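Student: Structure, please.
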Amino acid sequence: MSNILDSLMIELRRGTLTLAVLSQLRTPQYGYSLVQLLEESGIPIDQSTLYPLLRRLEKQELVTSSWDTSESRPRKYYVLSDYGHELFLQLKSEWLKNTNELYSLLKGEEDVESN
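Tutor: A predicted model of the protein is given here:
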């Protein structure tokens, strides 16, 4: 049963990570700063998950990247494209709508279980 739960948790988390990452790219971020921001918000993400996600978002033209070589250690910064910002707002709206609907369903389940 644990394997099924683990699999379902991963599936549930996958979509939320994309939205979480997009939410933090309204201002330019480099990989490590993004990991820190997400972890501070209670959303842990491994770099091995983050970088492929960033590459996919860039390929989908939701995110653009640029190198900052002004410091001793060059950093690649990511930020939402205009298209990415537009899609983020739509996804956010859909997420909030789905969350409210799901909350209503789950709250109803709690009422049934407590009787």
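Student: who does residue 64 bridge with?
Tutor: Assessed by DSSP bridges, residue 64 has beta-bridge partners residue 79.
Student: quick one, phi psi at residue 46?
Tutor: phi -80, psi 150 (degrees, to the nearest 10).
Student: Quick check: it vs residue 38, distance?
Tutor: The gap separating residue 46 from residue 38 is 11 Å, by C-beta to C-beta, to the nearest Å. All C-beta atoms are positioned from the backbone trio N, CA, C, and that covers glycine.
Student: all helices for this structure, in order.
Tutor: 2-24, 31-40, 47-59, 82-114 (DSSP state H).
Student: Quick one: low-confidence residue ranges for the protein.
Tutor: Scanning the chain for pLDDT under 70 picks out the ranges 1, 109-115.
Student: And residue 46 and residue 38? Which one has more around it.
Tutor: Between residue 46 and residue 38, counted using other C-beta atoms under 10 Å, the more crowded position is residue 38 (19 against 8).
Student: residue contacts, the more buried one?
Tutor: For residue 38, the contact set (C-beta atoms under 8 Å, 6 or more residues apart in numbering) comprises 20, 21, 24, 44, 45.
Student: Quick check: it vs residue 59, distance?
Tutor: 21 Å.
Student: same deal with residue 50?
Tutor: 15 Å.
Student: and if you look at residue 103?
Tutor: As defined by C-beta to C-beta, residue 103 lies at a distance of 34 Å from residue 59.
Student: Next: residue 45.
Tutor: Residue 45 is 19 Å from residue 59, by C-beta to C-beta.
Student: try residue 85
Tutor: 17 Å.
Student: and the two? which has more neighbours close in?
Tutor: Shown here are residue 85 and residue 59; by other C-beta under 10 Å, residue 85 has more neighbours (15 against 9).
Student: you'd agree the more buried one is up against residue 26?
Tutor: Yes - look at residue 85 against residue 26 with C-beta atoms under 8 Å: they come within range, at 7.1 Å.
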